[in-house]
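Colleague: Generate coordinates for the sequence data below:
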Amino acid sequence: MRSDIIKKGLERVPHRALLHATGLSRKDFDKPFIGVATSFTDLIPGHIGMRELERYIERGVCYGGAVPFFFGIPGICDGIAMGHLGMCYPLASRELIADSIETVCNAHQLDGLVCLTNCDKITPGMIMGALRLNIPTIIVTAGPMMSGRFRKRKLAFVHDSYEALARAKKGDISEADLACLEMEACPGAGSCQGLYTANTMACLTETLGLSLPGCATALAVSAKKRRIAQASAERLVEMVRKNILPRSIVTQEALENAITVDMALGGSSNTVLHLTAIAHEAGIKLDLKKFDEISRSVPHITQIEPAGTHYMEDIEFAGGIPAILKRLKGHLNNSMTSSGKKILEIANEAEICDEEVIRPLARPYHWEGGIAVLRGNLAPNGAVVKQSAVSPKMMRFTGKARVFNREEEAMAAIMGKKIAKGDVIVIRYEGPAGGPGMREMLAPTAAIVGLGLAESVALITDGRFSGGTSGPCIGHVSPEASAKGPIAILKDGDIITIDIPERKIDVTLSRAQILQRFKKWKAVAPKITTGYLARYSKIVSSADKGAVVS
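Modeller: Got it, this is the predicted structure:
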């Protein structure tokens, strides 16, 4: 066992003395040492129920005949961090999480790893760390939140809080109703109810084969989730004994499966960043072209909040990710999973319980997948849009640029009703390096929807969007402004054309005009000059490369 390095031999007497101090007995030294990386925190609704899941993971490790060692991983709630300086940290924290996994597991030479995770950057960060280590690993995502209720209507976090505040500003909602929505939109433990980044990444983690079948959609409050937590830990001990490694599971074929499921679900655009970064840690090249290639061939077969009226609980009761795999059998590679079963075996055993929640391929919600990659003279290296959440009217749009160098400036203009129909809001210097941290723009996008401008105003940014974003919102514009991308030289009044079907995003400027503007361009001073974010901004890669630090 790998852990023999710290527990076997005469020279390890001091090491064993320290391990005995933790409560280990002599017979424990003959068992595998299993790390349990837990991101429990009182700050995040998706994580507050993890203490109970930790108990079931501990049971599973012990039942499997191994010794569990719990250690903490930092977690950030994107929703609470949204709209202020805090949003500079979540994407950057993904690298801290990967580094923490690597550091603890290598320092203590653990034999295997159970990752208890749930929310946006925490799940991909743990996967990245596990792939870097390449020791047997299984992922337990803590599960989605139940929908809220208000006068017999289902509620979801984004629609009924962020968008609701804009509707209140407009006068469409009373103060009393808004106060009720605020209280009821998030009824308890779990990741936010729609197909936002947390739940999308849970679904893709299961598709990659790193979680047991059914894990992604099993609700946070369910006994099923507890059983999966215990079974996952037991299975991990088996994986240690058989030396089943994450890099043997996360292959090129598995990544293509994850993209396929992502397109069929209409998942968060953040998955482009995270899958690219995961591929990087696995030593696999994953180009943006692959996302668009798969999107062209895989139909969008679910309509989950924010793109529709279904919720993660509806996907769970319709059969979960195994049912999605069953629907997509003809589009999938038959890759291996941590369960010991291959993807098509899981698909064949699944049952589709609701033909409307998971539609047949011949009757999709859209004929193309949920995400499109755009290119043009405004984004030479690519930009990303969640096309499944864009109305048909806005799939092609031309408008005048309204340029802002910070999210706060744009938000003030939107809420101040200074944005007119036909405008293209440009928010720049919010990329991985320029932000720093590539902030999500949920507040301005939700305000646009709430003010009734979703079919008359577009938004583009070198930052990114929440999985809860809907409407014609194009993010990840690469190169970013701070890296001298063309977005840096835009001016108010420039004509921007967005053509999602043709995958184009252009400004009506000639190459000569762009070069002339760059001669007069001056770099904007870094927004943060001290601490972790200052270091991060100097070494982080472009969004089209996954915004990785290496």
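
Colleague: Identify each buried residue in stretch 87-104, please.
Modeller: Of the residues in stretch 87-104, 87-98, 100-102, 104 count as buried by neighbour count, 16 or more other C-beta atoms under 10 Å. Quick note: C-beta positions are derived from backbone N, CA and C, even for glycine.

Colleague: do stretch 57-67 as well
Modeller: So, applying 16+ other C-beta under 10 Å, buried residues of stretch 57-67: Ile57, Glu58, Arg59, Gly60, Val61, Cys62, Gly64, Ala66, Val67.

Colleague: Quick check: closest non-adjacent residue to the first one.
Modeller: Just to be clear, that refers to Ile57. Excluding the flanking residues, the one nearest Ile57 by C-beta to C-beta, 6 or more residues apart in numbering is Ala233, at 4.5 Å.

Colleague: thinking that neighbour is in contact with Arg59, fair?
Modeller: Yes - using C-beta atoms under 8 Å, Ala233 is in contact with Arg59, at 7.3 Å.

Colleague: lowest average confidence, helix or strand, in this structure?
Modeller: helix 163-170 (a mean of 78; mean pLDDT, DSSP states H and E).

Colleague: Who are the packing partners of that one?
Modeller: The contact analysis (3 or more C-beta pairs under 8 Å, 6 or more residues apart in numbering; DSSP states H and E) places helix 163-170 against helix 175-184, helix 442-450.

Colleague: For the following helix or strand past the shortest one, which outside residues touch it?
Modeller: What that stands for is helix 442-450. Downstream of helix 442-450, the first helix or strand assigned by DSSP states H and E is strand 458-461. Contact partners of strand 458-461, identified using C-beta atoms under 8 Å, 6 or more residues apart in numbering, comprise 378, 383, 394, 397, 399, 410, 423-428, 430, 441, 444-445, 448, 471-475, 477, 487, 496, 498, 505.

Colleague: Tell me the strands beside the helix or strand just after strand 458-461, with direction?
Modeller: Downstream of strand 458-461, the first helix or strand assigned by DSSP H and E is strand 473-478. Its sheet considered, strand 473-478 pairs with strand 379-386 (antiparallel), strand 458-461 (parallel) by DSSP bridges.

Colleague: tell me the most buried of these?
Modeller: Among these, strand 458-461 has the highest mean neighbour count (mean count of other C-beta atoms under 10 Å), at a mean of 28.

Colleague: For it, what is the distance to the chain centroid?
Modeller: When C-alpha coordinates are averaged (C-alpha atoms, centre = their mean, to the nearest Å), strand 458-461 and its chain have centres 20 Å apart.

Colleague: Could you list the low-pLDDT ranges of the stretch 201-350 of the chain?
Modeller: Applying pLDDT under 70 to the stretch 201-350 of the chain picks out no residues at all.

Colleague: And for the chain?
Modeller: The model of the chain has pLDDT under 70 over residues 468.

Colleague: let's see it at 80
Modeller: Applying pLDDT under 80 to the chain picks out residues 152, 158-167, 169, 466-471, 550.

Colleague: Compare the strands paired with strand 473-478 and report which one is nearest to Ala372.
Modeller: strand 379-386 (5.3 Å; C-beta to C-beta).

Colleague: Contact partners for Lys418?
Modeller: Per C-beta under 8 Å, 6+ apart, neighbours of Lys418: none.

Colleague: Helix or strand: which one has it?
Modeller: Per DSSP H and E, there is no helix or strand for Lys418.

Colleague: got the contact list for stretch 350-362?
Modeller: For stretch 350-362, the external contacting residues (C-beta under 8 Å, 6+ apart) are 299, 301-302, 310, 314-315, 317-320, 322-328, 330, 365.

Colleague: Using PDB, list the CA coordinates for it.
Modeller: What follows is stretch 350-362, C-alpha atoms only, in PDB (Å, rounded to 0.1, in the frame of the first residue of the first chain):
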ATOM      1  CA  ALA A 350     -32.000   2.500 -16.600                       C
ATOM      2  CA  GLU A 351     -35.700   3.400 -16.900                       C
ATOM      3  CA  ILE A 352     -37.100   6.700 -18.300                       C
ATOM      4  CA  CYS A 353     -40.100   7.500 -16.100                       C
ATOM      5  CA  ASP A 354     -41.200  10.800 -17.700                       C
ATOM      6  CA  GLU A 355     -41.100  11.400 -21.500                       C
ATOM      7  CA  GLU A 356     -41.700  15.100 -21.100                       C
ATOM      8  CA  VAL A 357     -38.900  15.800 -18.600                       C
ATOM      9  CA  ILE A 358     -36.500  13.600 -20.600                       C
ATOM     10  CA  ARG A 359     -37.700  13.900 -24.200                       C
ATOM     11  CA  PRO A 360     -37.000  11.400 -27.000                       C
ATOM     12  CA  LEU A 361     -34.300  12.500 -29.400                       C
ATOM     13  CA  ALA A 362     -36.900  12.800 -32.200                       C
END
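
Colleague: and the residue nearest to Asn106 when sequence neighbours are not counted, how many neighbours?
Modeller: Among residues not flanking Asn106 along the chain, Leu133 sits closest, at 6.8 Å (C-beta to C-beta, 6+ apart). Using other C-beta atoms under 10 Å, the number of residues around Leu133 comes to 23.
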